[in-house]
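Colleague: Model the structure of this input:
(2 chains)
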Amino acid sequence: MLDFIQQPWHWSIAGLFIGLTVPILLILGNKPFGISSSLRHICAACLPSSVTNGINYFNYNWKEEKWNLFFVTGVLIGGFIAAHFLSDPEPIQIAAETKAQLANQGIQDFAGLMPTDLFSWESLGTLRGFVFIVLGGFLVGFGTRYADGCTSGHAIMGLSNLQVPSLIATICFMIGGFLMTHFGLPFLLSL
Amino acid sequence: MSKSNIKALEKDDLIIVHPKKVKQESAIAHLKYMAVGVFFGIVFVKAEIISWFRIQEMFRLTSFHMYGVIGTAVVVGIISVFLIKKFNIKTLSGDKISISDKTFTKGQIFGGLMFGFGWALTGACPGPLYAQIGSGFGVVAVTLLSALLGAYVFGLLKDKLP
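Modeller: Predicted coordinates:
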C-alpha cells in the first residue's frame, strides 16, 4: 500500500483530488477554493496597523478569513509529510526534450523537484538566484493579487463556476508563462 | 437633530457596524480546513505539481502532465458545482452554498501576465509555494516573503493601477 502511494501519482488522480477540493470546501463551510488570497490575509494579519493604516486593501476583518490561513498551513504540513514519509526514492522523470534544453541553458541538477542550481541558499546570493527566487516571488504575489486569484482561485474555482473573468485570467497566466519561458529564461538562466 | 433622530441614527449605525454575523467558527472547527490543506499539500507533492521541472514541461509543451492535472480538476470542479447548484446541496451546518461571481477588471490581464512570468520563474503558484517550503526547500520561504511583499506593494498601489 505504501509503495503504491510512494510512486508519483498519475495526473488523473491528482486532478480528481484537486477538483474535489472545490466541493469539499464548499460543503465544509461555504468556502471558495483559493490560495493567493492568503497572501493578503497574512499581510493584513502580520503588518502593524501603523503600516497598513490608510491602505484600504488591508483594512478589513481578516479574522473572518482565518480558515484560509489554516488551509495554507495545512498545505505546508502536507508538503512536509509527503516529502518525508511518502516520497519516491527514484529521481523525478522529466521529458527528455525539456531536460536537454535546460541542460543546454545551464541547469545541472535534475535529481529533485527543483533544481538546486537555482533554488538554494547559495544561489540566493547570485544575480541569477535573486531573479528566480526574489523577483519571481514578487511577480507571483503582485500578479495574483492584481488578477484577484491564482491557478486555484481562477483556473480551478473560477472555471468550475463558469466565470468568464477567470477564463481571461487563466489565459493570461498561460501567455505570461509561455513568454517568460521562451523569451525570458534563455537570457535569465545565463546570468 | 432631535433626540429621537439621534436614537434612530444610532440604531442604524449599530446595524451597519454589526451586520448580521455570519456564524463564526471556533479555532477547533478551523482544523478541518487545515486537514483539507494537509491532504492537498500531499497531492501537490505526489503529483509533482510543485516541481519546477513540471512547470517548465508545461510551458515548453513537452509533457501532458500539468494539462492533465488542471484539466481533470476543472472538469471535476464543474461537475461538482453543477451538482451542488442543481440539488441545492447545503453546507454541513445547513447553510446555503453561495459562490460569488468574479467581476472583470484589467487586473486579470495585467496581473495575470505578471503572475505568468513569476510562475515560469519560480515554478510555483501560491499553493505549491507553501508545499515546496514544507517539503524541504527552505529557500522558498524567501520566495514566499517576496510574494508577500508583492501583495503588499499591490495593496499600496491598488487605486493607482489601471
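Colleague: separation between A:S12 and B:Y67?
Modeller: Going from A:S12 to B:Y67 by Cβ to Cβ, to the nearest Å gives 12 Å. All C-beta atoms are positioned from the backbone trio N, CA, C, and that covers glycine.
Colleague: which residues sit against stretch B:137-148?
Modeller: By Cβ atoms under 8 Å, 6 or more residues apart in numbering or on different chains, the residues outside stretch B:137-148 that reach it are A:39, A:42-43, A:113-114, A:119-121, A:123-124, A:133-138, A:140-141, A:144, B:122, B:124, B:126, B:129-130, B:132-133.
Colleague: So for B:K3, what's the pLDDT?
Modeller: B:K3 is assigned 47 on the pLDDT scale.
Colleague: hmm, I was thinking of B:T91
Modeller: pLDDT at B:T91 comes out at 92.
Colleague: so the residue nearest to B:G71 when sequence neighbours are not counted, which of the three states?
Modeller: Of all residues not flanking B:G71 in the chain, A:G15 sits nearest, at 6.6 Å (Cβ to Cβ, 6 or more residues apart in numbering or on different chains). The three-state label given to A:G15 by DSSP: H, G, I helix; E, B strand; the rest coil is helix.
Colleague: Pull the contacting residues for A:G15.
Modeller: Contact analysis of A:G15 by Cβ under 8 Å, 6+ apart lists B:68-73, B:75-76.
Colleague: Quote the end-to-end distance of stretch A:2-15.
Modeller: 21 Å (Cα to Cα, to the nearest Å).
Colleague: so where is chain A shaky, pLDDT-wise?
Modeller: Scanning chain A with the threshold set as pLDDT under 70 gives A:1.
Colleague: Got the domain ranges for it?
Modeller: Domains of chain A are assigned by automatic domain parsing as A:1-90, A:94-191.
Colleague: Now do the longest one: distance from first to last residue.
Modeller: One end of domain A:94-191 sits 23 Å from the other (Cα to Cα).
Colleague: What are the buried residues along the top helix by length along chain B?
Modeller: Assignment by DSSP state H gives helix B:65-86 as the longest helix of chain B. Neighbour-count burial for helix B:65-86, counted by 16 or more other Cβ atoms under 10 Å in any protein chain shown, picks out B:65-66, B:68-70, B:72-74, B:76-78, B:80-81, B:84.
Colleague: residues in contact with the helix or strand hosting B:G127?
Modeller: B:G127 is part of helix B:126-134 when elements are defined by DSSP states H and E. For helix B:126-134, contacts defined as Cβ under 8 Å, 6+ apart pick out A:35-36, A:38-39, A:72-73, A:75-83, A:113-114, A:137, A:140-141, A:144, A:150-152, B:40-41, B:44-45, B:49-50, B:122, B:124, B:140-141, B:143-144, B:147.
Colleague: Please repeat the previous calculation with a cut-off of 6 Å.
Modeller: A:35-36, A:72, A:75-76, A:79-80, A:144, A:150, A:152, B:41, B:44-45, B:49-50, B:124, B:140-141, B:144 (Cβ atoms under 6 Å, 6 or more residues apart in numbering or on different chains).
Colleague: Okay, and the spatially closest residue to B:P128 that is not a sequence neighbour sits in which element?
Modeller: Among residues not flanking B:P128 along the chain, B:I50 sits closest, at 4.0 Å (Cβ to Cβ, 6+ apart). Element membership for B:I50, per DSSP H and E: none, as it lies in no helix or strand.
Colleague: Sounds good, over and out.
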